[in-house]
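A.B. asks: Here is the input, now give the coordinates:
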Amino acid sequence: MESSYLLIFSILLGCLATTVPVFLALFFTGLAGLVWVVGIDAQIVVEVLYRSMDKFSLIVVLFFILCGNIMTTGSIVQKLIRTANVLVGFLPGGLAMAGVLACGFFGAISGSTVATVVAIGGFMIPALIEHEYDERFSVGIMATAPILGVIIPPSIAMILYAMVTNDSLEALFLTGFIPGILIMIAMSLYAYFVCKRQGIKTIPRPTPREALSVLRESVWALFLPVLIFGGIYSGLFTANEAAVVACFYAFFVEIFIHRDMKVRDVKKVVVSSAVTSATLLVIVAGASVFGEYLTFEQIPNQIANTVVDNISSPWVFLLAVNILLLVIGMFMDIISATLILTPIFLPLLSQFGIDTLHFGLLMTLNLGIGYCTPPLGVSLYISGTVADKGLLYVSRAVLPFLAIQITILLLLTFWPDLVLLLPRLFYG
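C.D. replies: Below is the predicted model of the structure:
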């Protein structure tokens, strides 16, 4: 039996190490395990594929992807950046701090690190360099700050985690606010002291009239996260309904108020979002087939028993998991890793008395950091393309910011009450 496990996982790792798409690697490995090892009828795989798509919770992912594309096409992103610049741009390192704050604003709407690094990083890196900020510093901060896209709700990774664990999505979203704010503060303080020491020129402090003018222009953009979270936590609508409301609101604002998006652009935005959503859904389907194989073979329970027999402390377990997830994040995207690893870790959490909401935040943060780590960190490649720099240069540039994020990760690992403060406050 162990030889069959080894064969299946060798096939999976071999596929992932080559150019085989992730969803195909997961699907064919799971299919091979179910049909050849377990010996079940191949028709069951069809049922698994159908069940994996027949989940109401996936609607929220699709609509938040659409909402992020609407904002990128229109002018909401630019207005969020201008607002952030008015709030902190006059401080030493203010433009860099504005970039971090803008990532937080955008992350509170889009739910995606990739969308955040494209939308905010693509604009801010040239702007920072133009204002005589150190090039390596500029690339580093704008390659790592977009992690806020998966930490600050809504987060696509959290949605998928809640889908697997059956946790309350609204409660899981609440775990991301405090960590997101901590990352924003820590990175902003670092930017402040580094830029003050380097003597970077600051922009003049805006007059109250100028600040009020920018805020007035941005009020529709700033109201979007208020609408999403206010509606969810007031009980006006669910997270799924919030995603739909956000899309209609963004369409209305961009077409009829800002008028920076034309009706003819709607088709392009919808098609682009459909392609992105389809990419996500086929990964979900492939992971579900592989997950079914794991369930049939009771591999998660076997791993749980082995770990419990060798590790007695929940803190040692969490530290080991952090290291494992940081390494996995270097090679695998957050969506695939969440869908594959969550069913494996889930039985272990009850054994060690670890709250699933706390672990969901830690998993999301760990794998989010993977976006900024070589060799396959997507943020590194996007930022490098914007700045016309190679992978080695960008990898060095992100090191101090990764150190900040990993420090916060350790703080959140060993202080679960901080992560669970808001869920307990709202849901008891």
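A.B. asks: Distance from the helix or strand harbouring Val46 to the middle of the chain?
C.D. replies: Taking DSSP states H and E as the definition, one finds Val46 inside helix 43-53. The gap between where helix 43-53 is centred and where its chain is centred comes out at 27 Å by C-alpha atoms, centre = their mean, to the nearest Å.
A.B. asks: Now do it: everything it contacts.
C.D. replies: Gly30, Leu31, Leu34, Val35, Leu281, Val284, Ala285, Ala287, Ser288, Val289, Glu292 (C-beta atoms under 8 Å, 6 or more residues apart in numbering). Using the backbone N, CA and C atoms, a C-beta is placed for each residue, glycine as well.
A.B. asks: And for the fourth one, the neighbour number?
C.D. replies: Taking other C-beta atoms under 10 Å as the criterion, the count of residues near Val35 is 15.
A.B. asks: The longest helix along the chain vs helix 43-53, what angle?
C.D. replies: Determined from DSSP state H, the single longest helix within the chain is helix 263-296. Relative orientation of helix 263-296 and helix 43-53, computed by axes from the mean of the first three to the mean of the last three C-alpha atoms, to 10 degrees: 130 degrees.
A.B. asks: Show me what helix 263-296 is packed up against.
C.D. replies: helix 22-32, helix 43-53, helix 58-73, helix 334-352 (3 or more C-beta pairs under 8 Å, 6 or more residues apart in numbering; DSSP states H and E).
A.B. asks: if you set the cut-off to 10 Å instead, what comes out?
C.D. replies: For helix 263-296, the packing partners by 3 or more C-beta pairs under 10 Å, 6 or more residues apart in numbering; DSSP states H and E come out as helix 2-17, helix 22-32, helix 43-53, helix 58-73, helix 156-165, helix 239-252, helix 299-310, helix 334-352.
A.B. asks: which non-adjacent residue is nearest Gln198?
C.D. replies: The shortest distance from Gln198 to any non-neighbouring residue, by C-beta to C-beta, 6 or more residues apart in numbering, is to Asp134 (6.7 Å).
A.B. asks: Could you export the helices and strands packed on helix 263-296 to JSON lines, including columns for distance to Ile200?
C.D. replies: Formatted as JSON lines, these follow (distance: least, C-beta to C-beta, whole Å):
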{"stretch": "helix 2-17", "distance to Ile200": "43"}
{"stretch": "helix 22-32", "distance to Ile200": "41"}
{"stretch": "helix 43-53", "distance to Ile200": "50"}
{"stretch": "helix 58-73", "distance to Ile200": "28"}
{"stretch": "helix 156-165", "distance to Ile200": "34"}
{"stretch": "helix 239-252", "distance to Ile200": "34"}
{"stretch": "helix 299-310", "distance to Ile200": "48"}
{"stretch": "helix 334-352", "distance to Ile200": "33"}
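A.B. asks: Tabulate these (CSV), appending distance to Cys195, mean pLDDT and mean neighbour count.
C.D. replies: Formatted as CSV, the helices and strands packed on helix 263-296 follow (distance: least, C-beta to C-beta, whole Å; pLDDT from 0 to 100; neighbours: other C-beta atoms under 10 Å):
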stretch, distance to Cys195, mean pLDDT, mean neighbour count
helix 2-17, 41, 72, 14
helix 22-32, 39, 81, 21
helix 43-53, 48, 78, 15
helix 58-73, 28, 80, 24
helix 156-165, 31, 87, 24
helix 239-252, 33, 86, 20
helix 299-310, 45, 71, 14
helix 334-352, 30, 84, 20
